[in-house]
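**Q** sequence first, predicted model second:
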Amino acid sequence: MSFESLNLIEPIQKALTAEGYTTPTPIQAQAIPIILQGIDLLGVAQTGTGKTAAFAIPILQLLHKNHTFHKGKRSIKALIITPTRELAIQIDDSFESYGKYTGLTHTVIFGGVKQGKQTDALQNGVDILVATPGRLLDLINQRFISLKEIQLFVLDEADRMLDMGFVHDIKKVLAILPERRQSLFFSATMPPEIQKLSDSILYKPQKVEVTPASTTADTIKQALYFVDKNNKNALLLDILQDKTIETALVFTRTKHGADKVVKVLLKSNIKAEAIHGNKAQNARQRALENFKAKTTRVLVATDIAARGIDVDDLAYVINFEMPNIPETYVHRIGRTGRAGANGTAFSFCETEEIPYLKDIQKLIGKKIPVIENHDYPMSTTPVVDVPKPPQNQHQNRGAAKPNEANKGKKVWFKRK
């Protein structure tokens with residue numbers, strides 16, 4: 001199937017061609033025709049499957065078809081709510097890319113920055129609004145935003161929205177949306193509380209599920225290091241000695257932990273920056289741009305801050321700390337191996353994190369291969385049911401046994 005077979009209008013097809021898009025991903029191929037029919041949609045897809053284009057493209061087409069291009073202030077016809085600033089900016093960029101020849105206008109609003117530029121854009125009138133929940137409600141209360149003419153509503157990353165405590169904000173927005181609207185609901189996972197929320201938003205929806213919930217992409221090579229907590233920094237520095245790792249996204253559970261890892265890396269002359277909720281918006285955007293440009297080699301992120309990170313050809317994700325929510329593991333490693341590309345995800349597991357590992361392996365339905373031959377093995381044998389890898393398999397890095405010629409020196413196996 002090609003994008004041309006989806007009966008897209010010429011301005012959108014022209015933009016997709018300019019972006020180099022030829023073949024839609026599975027969720028795009030299934031969702032776009034449904035949305036173009038005006039039907040509500042429940043989309044279940046793990047991160048990196050192309051779901052932003054799956055809703056942005058048909059929204060642009062539907063609005064373009066009904067747009068009269070009259071003079072005067074435009075009213076908001078489509079509202080997309082998403083949990084983080086980074087993801088909101090990414091979605092707005094997508095509307096810019098796909099809709100640049102349609103004549104439709106769009107803007108993005110989020111907290112953590114002064115509202116002046118955002119309210120100026122709103123007062124000029126926009127067709128499409130991308131927003132985070134807090135700033136949206138704030139500007140509604142200040143009467144900068146009216147939702148009376150909303151035709152299309154999108155709730156994106158619903159499971160993360162729930163994790164971040166936004167469910168009450170979402171309910172407040174739903175209460176003021178027009179009853180007659182088309183609604184699209186996207187989530188990477190569908191626990192019961194998310195299903196209940198979708199039932200309250202959607203009307204006779206069609207469901208698109210491109211992959212079983214909470215599975216990891218086959219294109220991602222996963223590997224596990226058992227390591228004591230006090231040796232994690234050394235293991236990270238050890239792995240990063242491999243110069244073929246041009247960039248790596250490293251995850252911690254806390255903001256403080258992210259800052260500590262950055263300090264360790266900088267002391268070893270590895271260019272690193274942190275991205276988390278305590279960072280100012282301009283600092284977060286600058287760190288992300290530096291990482292995309294590869295002037296920063298390592299970006300250390302917390303889960304909430306990283307949900308909107310979309311970096312082309314990101315080959316390595318490192319879980320410095322195992323996530324305590326198993327679904328988070330899927331989201332983390334989904335930053336690599338995107339759009340069919342190959343990726344590698346390393347995870348460091350200390351003794352206290354073994355229960356997290358068990359939950360993760362139960363969720364994803366597979367055992368993560370263990371790298372046993374490394375310089376910082378766990379001091380006690382881990383009590384967890386994991387398979388021993390075959391000889392020389394998954395052994396990407398380790399110290400070779402010294403011989404008389406190299407005794408006292410480290411000899412590295414080259415990562416394949």
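**A** Noted; the coordinates are in hand.
**Q** any regions of the stretch 301-416 of the chain where pLDDT drops low?
**A** Where the stretch 301-416 of the chain drops to pLDDT under 70, the residues are 304-309, 338-340, 383-416.
**Q** C-terminal to the lowest-mean-pLDDT helix or strand in the chain, what's the next element?
**A** Ranked by mean pLDDT, DSSP states H and E, the weakest helix or strand in the chain is helix 303-306, scoring a mean of 65. Following helix 303-306 in sequence order, the next helix or strand is strand 316-319 (DSSP states H and E).
**Q** can you give me the strands for the stretch 151-300 of the chain?
**A** With DSSP state E, counting those that start in this stretch as the criterion, the stretch 151-300 of the chain has strands at 152-155, 182-187, 206-209, 220-226, 248-251, 272-275, 298-301.
**Q** figure out which of these is closest to Met161.
**A** Closest to Met161 of the strands of the stretch 151-300 of the chain is strand 152-155 (Cβ to Cβ; 7.0 Å). Just so you know, the C-beta spots here come from the backbone N, C-alpha and C atoms, and that holds for glycine as well.
**Q** that closest one: how far from the chain's middle?
**A** Mean-position distance between strand 152-155 and its chain equals 18 Å (Cα atoms, centre = their mean, to the nearest Å).
**Q** then stretch 138-145?
**A** 28 Å.
**Q** ok, now stretch 241-249?
**A** 21 Å.
**Q** and the end-to-end length of it?
**A** 15 Å (Cα to Cα, to the nearest Å).
**Q** name the helix or strand for Lys366, please.
**A** Here Lys366 is assigned to no helix or strand, by DSSP H and E.
**Q** same question, Ile91
**A** Secondary structure (DSSP H and E) places Ile91 in helix 85-99.
**Q** before we move on, what about Leu63?
**A** Judged by DSSP H and E, Leu63 forms part of helix 51-66.
**Q** enumerate the positions of that helix that are buried.
**A** If you call a residue buried by 16 or more other Cβ atoms under 10 Å, then helix 51-66 has these buried ones: 51-64.
**Q** pick the one among those residues closest to Asn373.
**A** Taking Cβ to Cβ as the measure, Asn373 lies nearest Lys51 of the buried residues of helix 51-66, at 39.2 Å.
**Q** contacting residues for the nearest residue to Pro33 once chain neighbours are set aside?
**A** Of all residues not flanking Pro33 in the chain, Leu6 sits nearest, at 6.6 Å (Cβ to Cβ, 6 or more residues apart in numbering). By Cβ atoms under 8 Å, 6 or more residues apart in numbering, the contact set of Leu6 is Pro24, Ala29, Ile32, Pro33.
**Q** give me the pLDDT value at the last one.
**A** At Pro33 the predicted local distance difference test score is 96.
**Q** distance-wise, check it relative to Lys263.
**A** Distance of Pro33 to Lys263, given as Cβ to Cβ, to the nearest Å: 51 Å.
**Q** more neighbours: these two, which one.
**A** Pro33 (15 against 12; other Cβ atoms under 10 Å).
**Q** state the helix or strand in which the more buried one lies.
**A** Per DSSP H and E: helix 26-36 holds Pro33.
**Q** pull out the buried residues from that helix.
**A** In terms of neighbour count (16+ other Cβ under 10 Å), helix 26-36 has its buried residues at Pro26, Ile27, Gln28, Ala29, Gln30, Ala31, Ile32, Ile34, Ile35, Leu36.
**Q** if you count contacts, what does it end up packed against?
**A** strand 41-44, helix 51-66, strand 206-209 (3 or more Cβ pairs under 8 Å, 6 or more residues apart in numbering; DSSP states H and E).
**Q** quick one: distance of it to the chain centre.
**A** Worked out by Cα atoms, centre = their mean, helix 26-36 lies 20 Å from the chain centre.
**Q** try stretch 29-47
**A** On Cα atoms, centre = their mean, the centre of stretch 29-47 falls 19 Å from that of its chain.
**Q** for stretch 316-326, C-alpha coordinates in PDB please.
**A** The C-alpha coordinates for stretch 316-326 follow below in PDB (Å, rounded to 0.1, in the frame of the first residue of the first chain):
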ATOM      1  CA  TYR A 316      21.000   3.000  21.700                       C
ATOM      2  CA  VAL A 317      18.800   3.200  24.800                       C
ATOM      3  CA  ILE A 318      20.300   2.500  28.200                       C
ATOM      4  CA  ASN A 319      18.100   1.800  31.300                       C
ATOM      5  CA  PHE A 320      20.500   3.000  34.000                       C
ATOM      6  CA  GLU A 321      17.700   2.300  36.400                       C
ATOM      7  CA  MET A 322      15.000  -0.300  35.800                       C
ATOM      8  CA  PRO A 323      11.500   1.300  35.700                       C
ATOM      9  CA  ASN A 324       9.200   0.400  38.500                       C
ATOM     10  CA  ILE A 325       6.200   0.400  36.100                       C
ATOM     11  CA  PRO A 326       6.600  -2.500  33.600                       C
END
